[in-house]
Structure formats: C-alpha cells, structure tokens
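A.B. asks: got a predicted structure here, sequence first:
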Amino acid sequence: DAAGIPTARWERFDDRDAAREFVTRRGAPVVVKADGLAGGKGVVVAETEAEALAAVDALALPLVIEEVLAGEEVSFFALCDGTDAIPLGAAQDHKRLGTRDTGPNTGGMGAYAPLPWAPASLPGEVLDTVIQPAIDVLRRRGTPYRGLLYAGLSLTAAGVRVVEFNARFGDPETQVVLDRLATPLAGLLRAAAAGGLAGAPPPRWRPGAAVTVVIAAEGYPEAPVKGDRIEIQEFTEREGAYLLHAGTASGGREGTLVSAGGRVLNAVGTGEDLRAARAAAYEAAARVRMRGGWYRHDIAARAAGL
Ligand code: GLY
C-alpha cells in the first residue's frame, strides 16, 4: 500500500471476534492468512463463510483477511540493482499436485514460457506498476534491493494484482525462463550487483517455447519417500529436451541414482511452440523410471490449445 502497488483489498486483525464479525459481514469467498511465518500452512482460500470462520479460529493471530483474486496466475521475474530493474521473463506455474488442478498445493509441478495469452504490454505494465514502485519504496527506506524480485501476479478483470513477492528465483518457473534466455546470466547478475542495469544491453531471448514437467516422489508434498532408485533410459537428446536434477543423490555405486527430495527431476522440453515443447518434455519424462514417481499430465496443455 505504501508503494501504491495494486494488490487485493485487505484488513488486518489482532482480535478474533472482530475478524469473525468482518467475515460474517463480508461473506465468502475470502482469503484468511496468518500474518507471519506458518510453515506453508498459513493461507486458507475459504469458499464458504463456515470455512472462513474455521480459519479465523484455527490460524495464529494476527490475521489478514483479503479478497480472492480471480484470474490467470503469472510468475514475473525482474532483476534489480537497487535503483533500476529490468524484466527477466514471465512463466506460469502449476501449483496443485494433480492433473486438472486437483489435490494439495505444492511448490510447483510444472511451468511453461512464454505465455501466449498474455498481452504484449504485460512486462512494461508490471515494471511500471509493480516492480519499480517496490524498488523505489525500498530505496527510500534505506534498504535498497539488489537481486531477483519475483512477483506472483493475478491478471484479474480489473487489471494486474500482486499476490506475493519472493526475493529469489522461483522453481520450476526458472527452468523455462532461463532456458529461453540467450544473454549469459552472469553478466546480468554482475550488472545487478554492481548497479549498472540501466546501461546494460537488454537481455536477448531465444525464439520458441519451453515446458518443464516436475517428477515428484511418492508422498510429496506431505511426506516424500526418499531413497527410491531412479533409472533413466537413454533418449535421443533432440535439441532442447533434457533432465535437470533437483532432489537426487548418488546411490553409492557408480552411476546409480536415488531420490533425495520431494521434487526429484525436471523434464524440460523446448520447441518452436508450446505444443512441440511439451511433447519434448513428456518424451524426456517418460524415460524416467522411479518407484512411486509421479508427474502431472497436463502441464501447459491449456495454453497449447489442447
Ligand atoms: N513455484 C513457486 C515458487 O517458487 O515460489
């Protein structure tokens, strides 16, 4: 609010009775949040008033209650040097565990870039209305921000709204964004660190699209099983289809691999458009054999017109 950045309308409560009264007056759907660290369990998107009241009773005070933002989600990356910022790509994540957006929220089960449905004006609009105001307010407060600023956005009917900020790259969106980046990242990071982003040549991008599919372990996200053996069948690495390791470890014997985290591997595919890129990604994913291994089958499907 201090920076005038568009976000959901919200109110903060130190008192449960006042929060309950607000929910009853305002109705559902509504978002109830614990205003503090909550181990990833501090946000309830309540579809009904009863769910909202239960969240008000369950979450730790203080609470924030805010409007639900309906619209396409975008993960927008910008590189900042404390004074200036440049856009570093946008991607869409698939946060639910199951195909067709079912099941619990995860850190992300797959992503794609670019966003064929997004207006060409989006990077400029987000830079002007979200990123630059954030950089300016932080600089004015004597805490200039240098690094990657990741805005989680909702493109609502009323315009762009910020859902969250992260002071880091996001995963799995980064895999597809960096795949498309033709300019060496190191030079951009150096310019961000040294304060020279305004004078740096704009990043160059490869044409085409990239899709990444996360291969998750059994039990992810609550209790991922670790130590399962992973076998990867040889595949012809047509240009731009490859596997990235995330939660893997050496199985002891030379060349053996085991799972060591919830999200184990990323199958990345690229192509001239999203259809070709997702076909390549799924081809790579199908080469992985892991007991209990799981991946969604609809990453980028809607955006690819499937
Ligand atoms: N994929 C979401 C995040 O990195 O926060």
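C.D. replies: Ah, there it is. Numbering: from 1, shown residues only.
A.B. asks: in the stretch 1-150 of the chain, what residue is nearest the ligand?
C.D. replies: Gly108 (3.3 Å; C-beta to the nearest ligand atom). C-beta here means a position set from N, CA and C on the backbone, and glycine is covered the same way.
A.B. asks: going by neighbour count, list what's buried in stretch 57-67.
C.D. replies: Neighbour-count burial for stretch 57-67, counted by 16 or more other C-beta atoms under 10 Å, picks out Leu59, Leu63, Val64, Ile65, Glu66.
A.B. asks: turn those into JSON lines, columns for distance to Leu197.
C.D. replies: Formatted as JSON lines, those follow (distance: C-beta to C-beta, whole Å):
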{"residue": "Leu59", "distance to Leu197": "39"}
{"residue": "Leu63", "distance to Leu197": "38"}
{"residue": "Val64", "distance to Leu197": "33"}
{"residue": "Ile65", "distance to Leu197": "37"}
{"residue": "Glu66", "distance to Leu197": "32"}
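A.B. asks: these two touch, right, the residue of the stretch 1-150 of the chain closest to the ligand and Gln92?
C.D. replies: No - checked against C-beta atoms under 8 Å, the pair Gly108 and Gln92 is beyond contact range at 10.0 Å.
A.B. asks: that's a strand at the residue of the stretch 1-150 of the chain closest to the ligand, yeah?
C.D. replies: No - checked against DSSP: H, G, I helix; E, B strand; the rest coil, Gly108 lies outside a strand; its state is coil.
A.B. asks: what separates it from Asn266, distance-wise?
C.D. replies: Look at Gly108 and Asn266: by C-beta to C-beta, to the nearest Å, they are 10 Å apart.
A.B. asks: which residues do these two both contact?
C.D. replies: Pro172, Val214 (C-beta atoms under 8 Å, 6 or more residues apart in numbering).
A.B. asks: more neighbours: the two, which one.
C.D. replies: Between Gly108 and Asn266, counted using other C-beta atoms under 10 Å, Asn266 has the larger neighbour count: 26 against 22.
A.B. asks: flag every residue of the chain that's near the ligand.
C.D. replies: Counting by C-beta under 6 Å from any ligand atom, the chain comes close to the ligand at Asp93, Gly107, Gly108, Asn166, Gly170, Asp171, Glu173.
A.B. asks: give me the subset of these lying in helices.
C.D. replies: Glu173 (DSSP state H).
A.B. asks: so where's this protein uncertain?
C.D. replies: 236-239 (pLDDT under 70).
A.B. asks: and the helices in it, which stretches?
C.D. replies: 16-26, 49-58, 122-126, 132-140, 173-180, 185-194, 274-285.
A.B. asks: export the ones you listed to JSON lines and tack on distance to Gly103?
C.D. replies: Shown next, in JSON lines, are those (distance: least, C-beta to C-beta, whole Å):
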{"stretch": "helix 16-26", "distance to Gly103": "26"}
{"stretch": "helix 49-58", "distance to Gly103": "18"}
{"stretch": "helix 122-126", "distance to Gly103": "29"}
{"stretch": "helix 132-140", "distance to Gly103": "32"}
{"stretch": "helix 173-180", "distance to Gly103": "20"}
{"stretch": "helix 185-194", "distance to Gly103": "33"}
{"stretch": "helix 274-285", "distance to Gly103": "18"}
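A.B. asks: gap between the residue of the chain most remote from its centre and the ligand?
C.D. replies: In the chain, the residue that sits farthest from the middle, by C-alpha atoms, centre = their mean, is Arg253; the gap is 35.1 Å. Note on Arg253: its distance to the ligand, by C-beta to the nearest ligand atom, to the nearest Å, is 33 Å.
A.B. asks: tell me the phi and psi of that residue?
C.D. replies: Per-residue torsions, Arg253: phi -80, psi 150 (degrees, to the nearest 10).
A.B. asks: by neighbours, which of the residues of the chain next to the ligand wins?
C.D. replies: Neighbour counts for these (other C-beta under 10 Å) peak at Glu173, which has 26 neighbours.
A.B. asks: for the closest residue in space to that one that isn't next to it in sequence, give me its contacts.
C.D. replies: Nearest non-adjacent residue to Glu173, counting by C-beta to C-beta, 6 or more residues apart in numbering: Ala91, 3.8 Å away. Going by C-beta under 8 Å, 6+ apart, Ala91 touches Val74, Ser75, Phe77, Ala111, Tyr112, Ala113, Pro114, Leu115, Glu173, Val176, Val177.
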